[in-house]
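In: heads up, no residue letters with this:
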């Protein structure tokens, strides 16, 4: 009897500890609006909720100011910003599965990851910006021949750079480290496919015209801000389990706001040549171009019943505004699933954010999850439904002047003259 009492007394501290843990779990389950932040419980509806909102707003204002400055500087600086963001995102994701103990036993292993990253960067941007690279040099300069040779053998150069990294990886395999090394190898390639390749479409959009970069990026930001505020003040119904803070009220309110904003914002941005003209080189000079019919205003008369209630009888609409509605619909309905994917990914690895570079927002990867999905769609939509499906004379001339030397151009001119003369004789 005494032995049992002593045994129960010895176990009581542990039992009490387990009971306290169960009570804590029950209290957390009883109050689903409790969050864990730095080990302390915070109610979502207390003053910390508003403090978090102000921190997020403060960071957003500074990001907006910096973004406007880069847009003002032009295409080349925007591309540089995208490259910097890609490097920061890669750094966050490389560090996500990094284990310091294993890395100490594998000197140079992190350098191998960056080797693959910059090889992919050389390949993708070499293909996307080939036309701009050729226009950045002139036939009188030594760099023209260098750029021409690089563009001709770019795929070979990048392939052997990749093979070098592949052989480097095989030669550095160590016993009892195989699983870690192969998981890091697969993780690196996933980063290149999911992150780098998708976000590289952003650069293509920039050089097609800042409009095709700025409008989609702005719509994602508007949707994110609108969803945050609608959910903050009106959110009651959970939207998806992967993101407990997302609500149907926030989702629907943001969707309507984004579509309306797309139509109005396209009208504003579409009237500036700095936004609508494509950049065919890597300079930062002012742009002048024919905006084309898509950016030429069309006048629509309002119905008599509507015009009587308004101070104007007609409105000016840019045809690109109808395309903007499609972009706004995608940004509000489909693009948020990029954020849901990131939320599920973070839950799988039990982390709150990918990084802490931006106060109130997490890391750069947290901010770019929806942007990547949107950038790919904007590029595909522009190539499929906006640009003409034939090659204008100006584009053909640019290709001829950029890819053929003087002797080849003279030969082409001679052949064209022979063909035209032959057709004239037949007619």
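Out: Nice, I can see it. Being a predicted model, the structure only gives us computed values, none of them experimental.

In: ok, then the element right after the helix or strand of the chain with the lowest mean pLDDT?
Out: Lowest on mean pLDDT, DSSP states H and E among the helices and strands of the chain sits strand 40-43, with a mean of 37. As assigned by DSSP states H and E, the chain's next helix or strand after strand 40-43 is helix 47-73.

In: buried ones in that following helix?
Out: Neighbour counts over helix 47-73 (16 or more other C-beta atoms under 10 Å) mark 52, 56, 59, 60, 67, 71 as buried. C-beta: built from backbone N, CA, C; applies to glycine.

In: distance between that helix and the chain's centre?
Out: How far helix 47-73 lies from its chain's middle: 18 Å, per C-alpha atoms, centre = their mean, to the nearest Å.

In: mean confidence score for that helix?
Out: When pLDDT is averaged over helix 47-73, the result is 83.

In: what do you get for stretch 294-306?
Out: The pLDDT scores in stretch 294-306 average 84.

In: ok, stretch 166-181 next?
Out: 92.

In: report the buried residues of that stretch.
Out: 169, 180, 181.

In: helix/strand/coil for the residue lying closest to the last one once chain neighbours are set aside?
Out: What it means is residue 181. Sequence neighbours aside, residue 173 is the residue nearest to residue 181 in space, at 6.0 Å (criterion: C-beta to C-beta, 6 or more residues apart in numbering). Under DSSP: H, G, I helix; E, B strand; the rest coil, the three-state class of residue 173 is coil.

In: residue 173 contacts residue 184, doesn't it?
Out: No: here residue 173 does not reach residue 184: they are 11.5 Å apart, not a contact under C-beta atoms under 8 Å.

In: which ones are touching the nearest residue to residue 310 once chain neighbours are set aside?
Out: Excluding its sequence neighbours, the residue lying closest to residue 310 (C-beta to C-beta, 6+ apart) is residue 302, at 6.8 Å. Applying C-beta atoms under 8 Å, 6 or more residues apart in numbering to residue 302 gives the contacts 310, 312, 313, 314, 315.

In: any idea which element residue 338 lies in?
Out: Secondary structure assignment for residue 338, by DSSP H and E: helix 336-348.

In: nearest to residue 425 among the buried residues of stretch 166-181?
Out: Nearest to residue 425 among these is residue 169, at 64.0 Å by C-beta to C-beta.

In: show me the contacts for that closest one.
Out: Residues near residue 169 by C-beta under 8 Å, 6+ apart: 112, 181, 185.

In: can we see that at 10 Å?
Out: Contact analysis of residue 169 by C-beta atoms under 10 Å, 6 or more residues apart in numbering lists 109, 112, 113, 115, 116, 181, 182, 184, 185, 188.

In: my guess is the fifth one contacts residue 161. True?
Out: Yes: in terms of C-beta atoms under 10 Å, residue 116 counts as a neighbour of residue 161; the distance is 8.9 Å.

In: more neighbours, those two?
Out: Remark: of residue 116 and residue 161, residue 116 carries more neighbours, 22 against 17, as counted by other C-beta atoms under 10 Å.

In: distance check, that one against residue 239.
Out: 37 Å (C-beta to C-beta, to the nearest Å).

In: can you tell me, leaving aside adjacent residues, what's nearest to the most centrally placed residue in the chain?
Out: Centroid check for the chain by C-alpha atoms, centre = their mean gives residue 372 as the closest residue, at 3.0 Å. Nearest residue to residue 372, sequence neighbours excluded (C-beta to C-beta, 6+ apart): residue 198, at 4.2 Å.

In: that neighbour and residue 370 touch, don't they?
Out: No: the criterion here is C-beta under 10 Å, and residue 198 misses it with residue 370 at 11.2 Å.

In: name the residues contacting each of these two.
Out: Each of residue 338 lies in contact with both residue 198 and residue 370 under the rule C-beta under 10 Å, 6+ apart.

In: quick one, which of those two is more surrounded?
Out: Shown here are residue 198 and residue 370; by other C-beta under 10 Å, residue 370 has more neighbours (24 against 18).

In: from the contact counts, what lies against the helix or strand where that one lies?
Out: Residue 370 is part of helix 364-381, with elements assigned from DSSP H and E. With contacts taken as 3 or more C-beta pairs under 10 Å, 6 or more residues apart in numbering; DSSP states H and E, helix 364-381 sits against helix 47-73, helix 75-96, helix 198-208, helix 210-234, helix 320-333, helix 336-348.

In: angle of the shortest one against helix 75-96?
Out: When you say that, I think you mean helix 198-208. Interaxial angle, helix 198-208 versus helix 75-96 (axes from the mean of the first three to the mean of the last three C-alpha atoms, to 10 degrees): 180 degrees.

In: remind me what helix 198-208 packs against, helices and strands.
Out: Helix 198-208 is packed against helix 75-96, helix 109-128, helix 130-135, helix 210-234, helix 364-381, with contacts defined by 3+ C-beta pairs under 10 Å, 6+ apart.

In: at 8 Å what do you get?
Out: On a contact count with 3 or more C-beta pairs under 8 Å, 6 or more residues apart in numbering; DSSP states H and E, helix 198-208 meets helix 75-96, helix 109-128, helix 210-234, helix 364-381.

In: which stretch among these comes nearest residue 135?
Out: Per C-beta to C-beta, nearest to residue 135 of the helices and strands packed on helix 198-208: helix 75-96, 12.4 Å.

In: in the stretch 51-200 of the chain, which ranges drop under the pLDDT threshold?
Out: Applying pLDDT under 70 to the stretch 51-200 of the chain flags the ranges 100-101, 136-144.

In: can you rerun that using 80?
Out: 51-53, 56, 97-105, 130-151, 194-199 (pLDDT under 80).
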